[in-house]
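A.B. asks: Pasted the sequence and its predicted model underneath.
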Amino acid sequence: MKCPYCGRLNNRVVDSRLSRSEFAIRRRRECLDCMRRFTTYEKVEELPVMVVKKDGRREEFNRDKILNGIKKACEKRAISMDQIEEIVDSIERDFREVNEKEISSRIVGNKIMEQLHVLDDVAYVRFASVYREFKDVDDFIEELKSLIPLERQETRKTNGNSDND
């Protein structure tokens with residue numbers, strides 16, 4: 001492994017451990033020429049999982065695309081990066097374990113929404129609004145109604161607090 005600081009190949013592994021995602025091994029290395037340390041990741045080369053888009057196009061599964069979408073939905077919410085990365089790890093692990101070469105973007109989106117629904121309702125609605133392409137306020141209202149427990153909706157109606165007030 002080439003040292004990123006001096007460019008020489010003379011280095012040794014100081015420490016190895018599984019990365020957070022469990023898909024790679026994290027190695028701390030020390031260059032024996034300049035004595036600086038750096039980190040490398042080793043991962044198994046896998047066949048790419050292709051995502052089939054709504055219009056039929058295919059693109060390679062992109063973990064970063066999912067991570068960025070979830071981060072955007074969770075913006076300004078009390079949700080840690082660890083929680084977000086845990087969701088992305090879980091989704092990626094599920095798709096790699098199924099051993100399918102192609103996965104529908106609909107399945108990917110639904111999986112993300114399931115995870116966000118459990119984590120945070122606001123993040124869920126934000127993601128759903130983009131993923132399901134809400135056209136107007138009525139689409140938001142319908143989605144919000146699905147989040148309100150049925151007994152709470154019934155109580156609101158009997159107390160005179162209908163949605164039209």
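C.D. replies: Arrived safely. Numbering: from 1, shown residues only.
A.B. asks: switch to C-alpha atoms for all contacts and neighbour counts from now on
C.D. replies: OK.
A.B. asks: Which parts of the chain are strands?
C.D. replies: 11-18, 24-31, 37-43, 50-52, 58-60, 102-104 (DSSP state E).
A.B. asks: Strand partners (parallel or antiparallel) of the first one?
C.D. replies: What it means is strand 11-18. With DSSP bridges as the test, strand 11-18 is paired with strand 24-31 (antiparallel).
A.B. asks: same question, the last one
C.D. replies: Partner strands and pairing direction for strand 102-104 (DSSP bridges) are strand 50-52 (parallel).
A.B. asks: With mean pLDDT as new columns, can the strands of the chain be given to me in TSV?
C.D. replies: Output for those, formatted as TSV (pLDDT from 0 to 100):
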stretch	mean pLDDT
strand 11-18	92
strand 24-31	92
strand 37-43	90
strand 50-52	91
strand 58-60	92
strand 102-104	90
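A.B. asks: Output those strands in JSON lines, with distance to residue 114 and mean neighbour count appended to each entry.
C.D. replies: Below are these laid out as JSON lines (distance: least, Cα to Cα, whole Å; neighbours: other Cα atoms under 10 Å):
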{"stretch": "strand 11-18", "distance to residue 114": "27", "mean neighbour count": "14"}
{"stretch": "strand 24-31", "distance to residue 114": "26", "mean neighbour count": "18"}
{"stretch": "strand 37-43", "distance to residue 114": "28", "mean neighbour count": "14"}
{"stretch": "strand 50-52", "distance to residue 114": "18", "mean neighbour count": "19"}
{"stretch": "strand 58-60", "distance to residue 114": "22", "mean neighbour count": "14"}
{"stretch": "strand 102-104", "distance to residue 114": "16", "mean neighbour count": "16"}
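A.B. asks: Can you add distance to residue 66 and give those strands back as CSV?
C.D. replies: Putting the strands of the chain into CSV (distance: least, Cα to Cα, whole Å) gives the following:
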stretch, distance to residue 66
strand 11-18, 22
strand 24-31, 19
strand 37-43, 20
strand 50-52, 12
strand 58-60, 12
strand 102-104, 14
